[in-house]
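Colleague: this is the structure alone, sequence omitted:
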């Protein structure tokens, strides 16, 4: 064995130790959450971090009923699907117009979207609430979808524009020679090529809407319109909280997101890191 190989061993050992430590920090809370979802209140009070002494599987059906998930899950799915479709269609066309149609002031629009994505929604919350109330869109799922589209569009347009700007012009030139218009070029040429970026935007926006709390609690006051994050209110009593039911509800909330992300993680990373198209 060469001296060079001997010198590499300590570095690899340190790397493995760091990765293992980061893995523990990342997975540890999820493991504790799973343990707590199977505990009774007494078991949680005696052992809040360890393995449950008795597995209480009934926490999951009880959490589903008490959290009113049969109402909040469909409402959240409507918000997610509506927002993702709106952002992809409207934001995708805006990104295409800025990146491919050479609009006057396109660079200024790009900077505007970048700055807009960094502004907190709290700055506009009060006037937006009164405006939505005056036009009848408060306590309305469709009205909240409009807000979510507006909030998530700036960053989405910026990300999709960065991907589309590097697509070779030859694809569009060939389509124009065949008589295709801007809409045909966008839907038949640009969308298939920019699919990784669109998928990335869809995942980011979908995760943001699924977990969004502030706007959902401000603009939705009818219990029949509540979203999944508001289900946690149902596990809070005046002086205590049933952490077993709360943990079970959290597992049911994050499980679909985790499964979706793991199944599409390669596409997600590709959309974030790939600046052009493969040859």
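Modeller: Nice, I can see it. Since the structure is predicted, the reported quantities are computational estimates derived from the model, not experimental observations.

Colleague: name the helices or strands packed onto the helix ranked longest in the chain?
Modeller: Scanning the chain for the longest helix, with DSSP state H as the assignment, gives helix 3-37. Judged by 3 or more CB pairs under 8 Å, 6 or more residues apart in numbering; DSSP states H and E, helix 3-37 is in contact with helix 243-263. Yep, even glycine has a C-beta here, placed from its N, CA and C like the rest.

Colleague: got the angle for the helix it packs on vs helix 3-37?
Modeller: Interaxial angle, helix 243-263 versus helix 3-37 (axes from the mean of the first three to the mean of the last three CA atoms, to 10 degrees): 140 degrees.

Colleague: gap between helix 243-263 and the chain center?
Modeller: 14 Å (CA atoms, centre = their mean, to the nearest Å).

Colleague: on that earlier part again, got the buried residues for the longest helix of the chain?
Modeller: In terms of neighbour count (16 or more other CB atoms under 10 Å), helix 3-37 has its buried residues at 33, 35-37.

Colleague: over to stretch 168-181?
Modeller: In stretch 168-181, counting by 16+ other CB under 10 Å, buried: 171-172, 175, 180.

Colleague: any chance of a markdown table for these, columns secondary structure and pLDDT?
Modeller: Shown next, in a markdown table, are these (DSSP: H, G, I helix; E, B strand; the rest coil; pLDDT from 0 to 100):
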| residue | secondary structure | pLDDT |
| --- | --- | --- |
| 171 | helix | 81 |
| 172 | helix | 82 |
| 175 | helix | 83 |
| 180 | coil | 81 |
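
Colleague: tabulate those residues in CSV, adding columns for distance to residue 236.
Modeller: Putting the buried residues of stretch 168-181 into CSV (distance: CB to CB, whole Å) gives the following:
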residue, distance to residue 236
171, 55
172, 56
175, 57
180, 57
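
Colleague: could you give me the average pLDDT of stretch 50-64?
Modeller: The pLDDT scores in stretch 50-64 average 88.

Colleague: how far does that stretch sit from its chain's centre?
Modeller: The answer for stretch 50-64 is 28 Å, by CA atoms, centre = their mean.

Colleague: do you have the helices of the stretch 1-150 of the chain handy? List them.
Modeller: 3-37, 41-46, 59-66, 69-86, 92-100, 106-116, 125-134, 141-164 (DSSP state H, counting those that start in this stretch).

Colleague: export those helices to TSV and tack on distance to residue 244?
Modeller: What follows is the helices of the stretch 1-150 of the chain, written out as TSV (distance: least, CB to CB, whole Å):
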stretch	distance to residue 244
helix 3-37	6
helix 41-46	6
helix 59-66	5
helix 69-86	16
helix 92-100	44
helix 106-116	42
helix 125-134	34
helix 141-164	31
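
Colleague: these: which one's closest to residue 229?
Modeller: helix 69-86 (7.9 Å; CB to CB).

Colleague: for the helices of the stretch 1-150 of the chain, which one sits closest to residue 262?
Modeller: helix 3-37 (12.7 Å).

Colleague: tilt between that closest one and helix 59-66?
Modeller: Using the same axes, to 10 degrees: helix 3-37 against helix 59-66 is 60 degrees.

Colleague: so for this protein, the centremost residue is which one?
Modeller: The centroid of the chain falls nearest to residue 207 when counting by CA atoms, centre = their mean (1.7 Å).

Colleague: wait, a strand at that one?
Modeller: No: Residue 207 sits outside any strand when classified using DSSP: H, G, I helix; E, B strand; the rest coil, being helix.

Colleague: surely it meets residue 256?
Modeller: No: Residue 207 is beyond contact range of residue 256, at 10.6 Å (criterion: CB atoms under 8 Å).
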